[in-house]
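**Student:** Take this sequence and fold it.
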Amino acid sequence: MILDAWSIWLRELEPTLTRYAIFTVGVWLVLWVLFRPLLGARKIRPETPPPRQLLTELLFSLRSMIVFATVGVGLAYLYRAGLYPLARIADGWGPTWFAFSLVAGIVGLDAWFYWSHRLMHDPRLFRRFHRRHHRSNNPSPFTAYSFDIPEALTLIGFVVVWPWVFPMPSNAMQWVMLYQIVTNTLLHSGYELMPARRDGRPMLDFIVTTTHHDMHHAQAGWNYAAWFTWWDRWCGTEHPEYHARYAAKAWRPFGVRAAHPLPAE
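**Tutor:** A predicted model of the protein is given here:
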């Protein structure tokens, strides 16, 4: 039993660490090293975090990956025990349902993150759940999973709960998690990569940009969303200067001056 659990844990840990390393180190290497001279205008803040911050974030992120893999072991036993009957049913519904379940999973994860994130900012919970992440006032690609353990458990809790209430094929959640690793790393990359429309707004204005999330690290009472801007706009928590700040750094492929100039300091 112990050897079986250990084997499952190693099988969970290896791809978890691999995905994290590929995309986090990859984003850092591409944006912060290789293309840094070409992307200076897209850098959101002029200051670069010190190496000590990057190393600290990396170590805490690796701890979060260990937490995720450990929860994955528990999930494997729950699936074996037949405690996810909806997943077994969905496994036979074909590729169309598989694709739909991916979209539904990403939308569900977005709602889960927004509301749990707002809850973690409650002063009664912030110190225990979320303070580690906000020690990175100026984020880097390594900030994405620099979590306190309770926050890591809260995020991975979606993977435990969602298949109980939604018929998601048993191998679909791994693709939702891959999506959130890629996008979450880019949100903390420090560079605005979303091109602007002719009016200066983001090309895909319903998607959270790096500027959007970077502003949350600078002013924590705003911009709680991680993937879609819907909840912030519906609930009035989007920073009122977001579009102006975005327009100041965004690439405008149509060559038209942004409609939202950055306000004077």
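**Student:** For residue 11, report the pLDDT, please.
**Tutor:** At residue 11, the model reports a pLDDT of 69.
**Student:** Equivalent analysis for residue 22, please.
**Tutor:** 87.
**Student:** Count the neighbours of it for me.
**Tutor:** 13 (other CB atoms under 10 Å). C-beta: built from backbone N, CA, C; applies to glycine.
**Student:** what about it, which helix or strand?
**Tutor:** helix 2-27 (DSSP states H and E).
**Student:** Residue ranges in the stretch 151-265 of the chain under the pLDDT threshold?
**Tutor:** Low-confidence segments of the stretch 151-265 of the chain (pLDDT under 70): 255-265.
**Student:** For it, which segments are assigned as helices?
**Tutor:** Per DSSP state H, counting those that start in this stretch, the stretch 151-265 of the chain carries helices over the ranges 173-187, 210-218, 230-235, 242-249.
**Student:** repeat for the stretch 1-150 of the chain
**Tutor:** 2-27, 51-80, 85-90, 94-120, 123-129, 131-134, 149-165.
**Student:** what's the closest of those to residue 227?
**Tutor:** When those are ranked by distance to residue 227, counting by CB to CB, first place goes to helix 94-120 at 4.4 Å.
**Student:** So which elements touch the closest one?
**Tutor:** helix 123-129, helix 149-165, helix 173-187, helix 230-235 (3 or more CB pairs under 8 Å, 6 or more residues apart in numbering; DSSP states H and E).
**Student:** hmm, back to that, among the helices of the stretch 151-265 of the chain, which is nearest residue 52?
**Tutor:** helix 210-218 (17.5 Å).
**Student:** Could I get the helices of the stretch 1-150 of the chain in JSON lines, plus columns for distance to residue 41?
**Tutor:** Shown next, in JSON lines, are these (distance: least, CB to CB, whole Å):
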{"stretch": "helix 2-27", "distance to residue 41": "18"}
{"stretch": "helix 51-80", "distance to residue 41": "23"}
{"stretch": "helix 85-90", "distance to residue 41": "46"}
{"stretch": "helix 94-120", "distance to residue 41": "29"}
{"stretch": "helix 123-129", "distance to residue 41": "34"}
{"stretch": "helix 131-134", "distance to residue 41": "27"}
{"stretch": "helix 149-165", "distance to residue 41": "33"}
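**Student:** who wins for proximity to residue 234 among these?
**Tutor:** Closest among the helices of the stretch 1-150 of the chain, using CB to CB: helix 94-120, at 9.7 Å.
**Student:** how about residue 59, what does it touch?
**Tutor:** For residue 59, the contact set (CB atoms under 8 Å, 6 or more residues apart in numbering) is empty.
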